[in-house]
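Return a 3D structure for these sequence lines:
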Amino acid sequence: MVFYHYLLQLASFLFICLEKRRQEVFSSLPVGVIMSAKIRNAPAAAGGERVAQMAEIFLFSLRVVMPILLLMALGWLTARWGRWERSFFESLNALCFRLFLPVQLFMNVYEMESFRDVNWRVLLYLVGGILFALGLGVVAARFCVSDPRQRGVIAMASFRSNQVVLGLPMAEALGGQAAMGFASVASSFCVPVFNALAVLTLSAYSEQDGKKPSVAAVLKKTLRNPLILGALTGFAALGVRKLLPTVDGAVIFSFREDLPSLYKAMKDVAKVASPLMIFALGAKLDLKAAGRLKKLLALGTVLRLLVSPAILIGTALLLRDALQLTAAEIPALVAVFASPAAVSGPVMVQEIGGDEQLASQVVMWTTVFSMLSVFTFAFVLRSCALL
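Reported below is the predicted structural model:
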């Protein structure tokens with residue numbers, strides 16, 4: 001894979017050099033000759049530009065997913081060659097679930113800014129799309145998966161994307177800073193929805209003493225979940241901040257300004273969550289299990305990277321006028337609906353119940369194949385002048 005990375009970089013470099021040389025030659029010719037040459041060579045130039053764009057998009061996809069794969073590889077090698085027992089990595093997962101992830105969710109919600117200029121139609125469509133993807137996953141799991149512990153994992157894979165770790169940089173690369181701004185706001189809404197639905201889904205499919213839990217038990221388990229508590233605490237703090245009086249447009253008390261040391265400490269804790277989860281995920285990964293799980297992995301990967309994003313992004317484009325969708329908001333659709341499975345999924349499965357190995361494998365393989373899916377969606381959108 002590294003070889004292909006450098007090969008594509010070399011091809012892009014050669015193309016740029018040839019293009020510069022062509023411009024130098026053209027600049028020394030008379031204007032009439034230049035115009036006639038441009039007319040004759042227009043199809044070739046357009047084809048060369050399209051090849052360069054394709055190479056750029058593919059290299060971007062590679063750069064986005066490679067850090068995750070390398071961190072997973074580091075965890076896998078550490079577990080195989082290190083001196084730590086499997087129980088250590090399970091404790092590491094539990095620590096992420098009960099401390100680092102709740103803090104990350106709190107910070108994501110608390111850092112929301114003003115929503116006066118936000119396109120609420122697109123935000124509501126994103127939430128509705130997540131619910132639709134969940135329904136799609138539940139139906140697919142019902143008819144294609146026999147083990148209840150695996151049904152919850154497949155249903156979760158259909159709607160829960162890696163929006164924060166991969167989606168945000170993806171949105172920035174596709175649409176620039178304006179797209180990153182809207183994608184960040186969308187993340188603040190979608191991540192709590194992701195986590196609430198994931199807890200509900202896994203709890204609904206989990207069994208206690210061989211019996212399915214009641215609705216009241218599922219709701220109680222959901223409300224006591226550390227991730228839900230982190231998000232709810234963030235919304236409570238955000239609400240208090242909005243109610244505080246202001247002086248010259250600034251609130252009289254700000255967590256960021258008045259308690260900078262605590263704020264920075266919590267930001268640092270939040271930053272630890274994702275890389276540590278990916279590392280622990282790789283450590284607990286059993287590559288031999290991919291063979292016996294290949295049908296379920298194919299189902300989860302197709303749902304996450306192809307079926308859900310094709311339906312939801314395509315529908316949004318058809319409703320572009322009704323949603324008042326702009327070029328700065330389209331990358332958020334790709335980030336939410338086309339990103340690979342969330343790296344926190346296996347952690348939740350370990351704590352709530354389900355096939356943890358299947359969840360880990362889904363994260364790995366959706367991350368690998370997202371290089372192709374992201375490339376395809378980005379190329380189609382750019383070809384249609386939507387990005």
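
pLDDT weak spots in the chain?
In the predicted model, the chain carries pLDDT under 70 at residues 1-48, 50, 53, 57, 60-61, 64, 113-117, 207-215.

For the chain, just list every one of the strands.
246-247, 250-251 (DSSP state E).

Identify whichever of the ones you listed lies nearest to residue 157.
strand 250-251 (40.4 Å; CB to CB). No exception for glycine: its C-beta is placed from N, CA and C like everyone else's.

which one of the strands of the chain lies closest to residue 203?
strand 250-251 (37.4 Å).

before we move on, the earlier item: deepest in the core, which of the strands of the chain is it.
The highest average neighbour count among the strands of the chain, using mean count of other CB atoms under 10 Å, belongs to strand 250-251 at a mean of 13.

Export the strands of the chain as a markdown table, with columns for distance to residue 292.
What follows is the strands of the chain, written out as a markdown table (distance: least, CB to CB, whole Å):
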| stretch | distance to residue 292 |
| --- | --- |
| strand 246-247 | 60 |
| strand 250-251 | 56 |
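
now for the ones you listed, which one comes closest to residue 74?
Smallest distance to residue 74 across the strands of the chain (CB to CB): 42.4 Å, for strand 250-251.

Tell me which residues are up against that closest one.
Contacts to strand 250-251, defined as CB atoms under 8 Å, 6 or more residues apart in numbering, come from residues 241, 244, 245.

burial measure for residue 196, as a count.
17 (other CB atoms under 10 Å).

again with residue 193
Close neighbours of residue 193, defined as other CB under 10 Å, add up to 18.

show me what contacts it?
Contacts for residue 193 (CB under 8 Å, 6+ apart) come out as 127, 130.

Report the separation between it and residue 273.
Separation of residue 193 from residue 273 (CB to CB, to the nearest Å): 18 Å.

my guess is residue 336 contacts residue 191, does it?
No. Contact criterion CB atoms under 8 Å: residue 336 and residue 191 do not qualify, at 9.9 Å.

Of these two, which one has the most company?
Taking neighbours as other CB under 10 Å, residue 336 and residue 191 compare with residue 336 leading, 31 against 24.

for that one, what are its contacts?
Residue 336 sits in contact with 126, 129, 130, 161, 163, 167, 186, 190, where contact means CB under 8 Å, 6+ apart.

Tell me the spacing between the second one and residue 356.
Read that as residue 129. 27 Å.

And the helices in the stretch 151-300 of the chain?
For the stretch 151-300 of the chain, the helices defined by DSSP state H, counting those that start in this stretch cover 168-205, 215-223, 226-243, 255-258, 260-283, 289-292, 294-302.

chain center to the third one: distance?
Its chain's C-alpha centre and that of helix 226-243 lie 22 Å apart, by CA atoms, centre = their mean, to the nearest Å.

in it, what counts as buried?
For helix 226-243, a neighbour-count test (16 or more other CB atoms under 10 Å) marks 226, 227, 228, 230, 231, 232, 233, 234, 238 as buried.

Does the third one touch residue 198 like I think?
Right, the one you point to is residue 228. No. Between residue 228 and residue 198 there is no contact under CB under 8 Å: 9.9 Å.

would you list every one of the helices in the stretch 1-150 of the chain?
Under DSSP H, counting those that start in this stretch, the stretch 1-150 of the chain gives helices at 2-27, 31-81, 86-95, 101-110, 120-144, 148-159.

name the helices or strands packed onto the third one?
In terms of contacts (3 or more CB pairs under 8 Å, 6 or more residues apart in numbering; DSSP states H and E), helix 86-95 is packed against helix 31-81, helix 260-283, helix 345-352.

list the buried ones in it?
89, 90, 92, 93, 95.

ok, for the second one, nearest residue in space, not its chain neighbours?
Leaving aside its sequence neighbours, residue 90 sits nearest to residue 350 (CB to CB, 6 or more residues apart in numbering; 6.8 Å).

So that neighbour versus residue 195, what's the distance?
With distances taken as CB to CB, residue 350 is found 15 Å from residue 195.

okay, these two: which has more neighbours?
Each of residue 350 and residue 195 has its neighbours counted (other CB under 10 Å); residue 195 has more, 24 against 19.

who's in contact with the more buried one?
105, 225, 227, 228, 231, 348.

quick revisit: of the contacts of residue 336, closest to residue 325?
residue 126 (11.2 Å).

That closest one and residue 384, how far apart?
On the measure of CB to CB, residue 126 and residue 384 end up 20 Å apart.

Pick out whichever of the two has more residues nearby.
Higher neighbour count among residue 126 and residue 384: residue 126, with 24 against 9, using other CB under 10 Å.

hang on, the earlier thing: ok, the residue nearest to residue 90 - contacts?
By CB under 8 Å, 6+ apart, the contact list for residue 350 reads 90, 93, 94, 97, 356.

How much space separates the first one from residue 274?
Spelled out, it's residue 90. From residue 90 over to residue 274 (counting by CB to CB), the distance is 18 Å.

same check, this time on the third one
Residue 94 sits 16 Å away from residue 274 when distances are taken as CB to CB.

ok, now which ones touch residue 370?
Contacts of residue 370 by CB under 8 Å, 6+ apart are 61, 65, 166, 305, 338, 339, 340.

okay if I get these as CSV plus neighbour count and distance to residue 180?
Formatted as CSV, these follow (neighbours: other CB atoms under 10 Å; distance: CB to CB, whole Å):
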residue, neighbour count, distance to residue 180
61, 22, 17
65, 22, 18
166, 25, 13
305, 27, 22
338, 25, 16
339, 29, 14
340, 29, 19
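
and which of those is nearest residue 264?
Among the contacts of residue 370, residue 166 lies closest to residue 264 (CB to CB), at 25.0 Å.
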